[in-house]
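**Student:** any chance you can model this:
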Amino acid sequence: MSPIEIHQFPCLNDNYGYLVHDRSRHVTAAIDTPDAAAIVAALEERGWSLTHILNTHHHADHAGGNLELKRRTGCRIVGPRADAARIPGIDVEVGDGDAFELGSHRIEVFDTPGHTRGHIVYFFPQDDVAFVGDTLFSLGCGRLFEGTPAQMWSSLTKIMSWPERTRLYCAHEYTQANGRFAVTVEPGNRALAERVAEVAKLRAAGKPTVPSTLALEKATNPFLRPASRNLRETIGLAGASDVEVFAKTRALKDAF
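**Tutor:** Purely as a prediction, here's the structure:
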């Protein structure tokens with residue numbers, strides 16, 4: 001099996017576009033469709049033909065290019081069963097526990113409601129890669145537009161069950177702003193302080209901070225760290241449940 005190839009490129013204001021390519025089977029998937037023109041340009045640059053779109057959720061900066069790309073390429077659109085009515089052009093509906101092949105590569109689907117009611121993420125177990133949309137960000141997580149804190153915490157615990165070496169490709173370059181918040185709720189986390197400094201260097205050089213790894217997120221992302229004594233004491237919830245700590249952390253970020 002040839003390694004999966006991932007082409008990452010910036011588009012819109014702060015989105016990332018991703019093309020995932022299996023050279024041996026000549027298949028290429030776009031992970032979400034934030035900008036059809038940018039995706040077409042990336043395909044032409046690489047000399048790849050689009051065969052699939054894998055949508056994480058319905059927001060326009062994730063599915064807005066679906067119909068244009070389907071019209072131009074005839075690609076198949078895969079998306080969340082729980083929100084199929086809001087995924088333009090959907091052909092294949094998938095949900096929690098489903099798995100399918102992209103070329104020779106296995107993809108496992110996880111329902112991760114919270115940001116939206118029908119959000120899903122795509123995990124490539126053979127490649128130690130996952131595309132997590134707006135559920136998890138580097139040093140952050142998605143806003144709870146349609147779900148509850150309990151739903152989102154349950155979704156994040158699914159992601160936390162993957163191997164720590166998993167590379168996490170999120171949909172936005174939010175890391176530096178997320179870091180400014182993270183240090184306010186866990187000021188005693190030395191690994192976080194070091195990461196914030198490294199992120200500042202990367203952004204000053206115009207480089208992406210994505211992907212990260214699950215190990216790095218577990219060590220530094222406050223939304224994965226409700227068990228942290230420092231975080232609990234800082235936000236005044238030393239004896240609370242993990243869900244309560246997560247909910248308070250998310251509320252503080254919303255007001256930050």
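**Student:** how far does stretch 100-114 sit from its chain's centre?
**Tutor:** On the basis of C-alpha atoms, centre = their mean, to the nearest Å, stretch 100-114 sits 13 Å off its chain's mean C-alpha point.
**Student:** whoops, stretch 5-14 was the one
**Tutor:** Distance of stretch 5-14 from the chain centroid (C-alpha atoms, centre = their mean) equals 13 Å.
**Student:** now do stretch 52-62
**Tutor:** Mean-position distance between stretch 52-62 and its chain equals 11 Å (C-alpha atoms, centre = their mean).
**Student:** in that stretch, what's buried?
**Tutor:** Judged by neighbour count using 16 or more other C-beta atoms under 10 Å, the buried positions of stretch 52-62 are 52-59, 61-62. Where C-beta positions appear, they are placed from N, C-alpha and C, glycine not excepted.
**Student:** what's in contact with it?
**Tutor:** If you take C-beta atoms under 8 Å, 6 or more residues apart in numbering as the criterion, stretch 52-62 is touched by 12, 15, 20, 27-34, 63, 66, 69-70, 75-80, 83, 86-87, 90, 102, 107, 115-116, 118-122, 131-135, 171.
**Student:** are any of these buried, and which?
**Tutor:** When those are checked for burial by 16+ other C-beta under 10 Å, the buried set is 15, 20, 27-34, 63, 66, 69-70, 75-80, 83, 86-87, 90, 102, 107, 115-116, 118-122, 131-135, 171.
**Student:** now the strands: where do they sit in the stretch 151-256 of the chain?
**Tutor:** For the stretch 151-256 of the chain, the strands identified by DSSP state E, counting those that start in this stretch occupy 167-170, 212-213, in order along the chain.
**Student:** and these: which comes nearest Gln8?
**Tutor:** Comparing the strands of the stretch 151-256 of the chain by their distance to Gln8 (C-beta to C-beta), the top pick is strand 167-170, with 7.2 Å.
**Student:** for the closest one, packing partners?
**Tutor:** Counting by 3 or more C-beta pairs under 8 Å, 6 or more residues apart in numbering; DSSP states H and E, the packing neighbours recorded for strand 167-170 are strand 15-22, strand 129-133, strand 136-137, strand 212-213.
**Student:** now the longest one: buried residues?
**Tutor:** Just to be clear, that refers to strand 15-22. Applying 16+ other C-beta under 10 Å to strand 15-22 flags 15-22 as buried.
**Student:** repeat for stretch 207-225
**Tutor:** Of the residues in stretch 207-225, those with enough neighbours to count as buried (16+ other C-beta under 10 Å) are 209-214, 216-217, 219-225.
**Student:** of those, closest to Pro149?
**Tutor:** Distances from the buried residues of stretch 207-225 to Pro149 were compared by C-beta to C-beta; the smallest belongs to Phe223, at 10.4 Å.
**Student:** the closest one contacts Leu156, doesn't it?
**Tutor:** Yes. Phe223 sits in contact with Leu156 when judged by C-beta atoms under 8 Å, with a separation of 6.5 Å.
**Student:** got any residues that touch both of these two?
**Tutor:** Common contact partners of Phe223 and Leu156 (C-beta under 8 Å, 6+ apart): 136, 141, 246.
**Student:** the last one reaches Ser155, doesn't it?
**Tutor:** No. Phe246 is not in contact with Ser155 according to C-beta under 8 Å; the separation is 10.8 Å.
**Student:** for stretch 183-203, output the C-alpha coordinates as CSV.
**Tutor:** Extracted in CSV, the C-alpha atoms of stretch 183-203 (Å, rounded to 0.1, in the frame of the first residue of the first chain):
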residue,chain,number,x,y,z
VAL,A,183,-2.6,30.2,29.0
THR,A,184,-5.2,32.1,31.0
VAL,A,185,-6.9,28.9,32.2
GLU,A,186,-3.8,26.7,32.7
PRO,A,187,-1.0,29.2,33.5
GLY,A,188,1.1,26.5,35.2
ASN,A,189,1.4,24.2,32.1
ARG,A,190,5.0,24.4,31.0
ALA,A,191,4.4,22.4,27.9
LEU,A,192,1.7,24.9,26.9
ALA,A,193,3.9,27.9,27.4
GLU,A,194,6.6,26.2,25.2
ARG,A,195,4.0,25.5,22.6
VAL,A,196,2.7,29.0,22.5
ALA,A,197,6.2,30.3,22.0
GLU,A,198,6.8,27.8,19.1
VAL,A,199,3.4,28.8,17.5
ALA,A,200,4.4,32.4,17.6
LYS,A,201,7.7,31.6,15.7
LEU,A,202,5.8,29.6,13.1
ARG,A,203,3.2,32.3,12.5
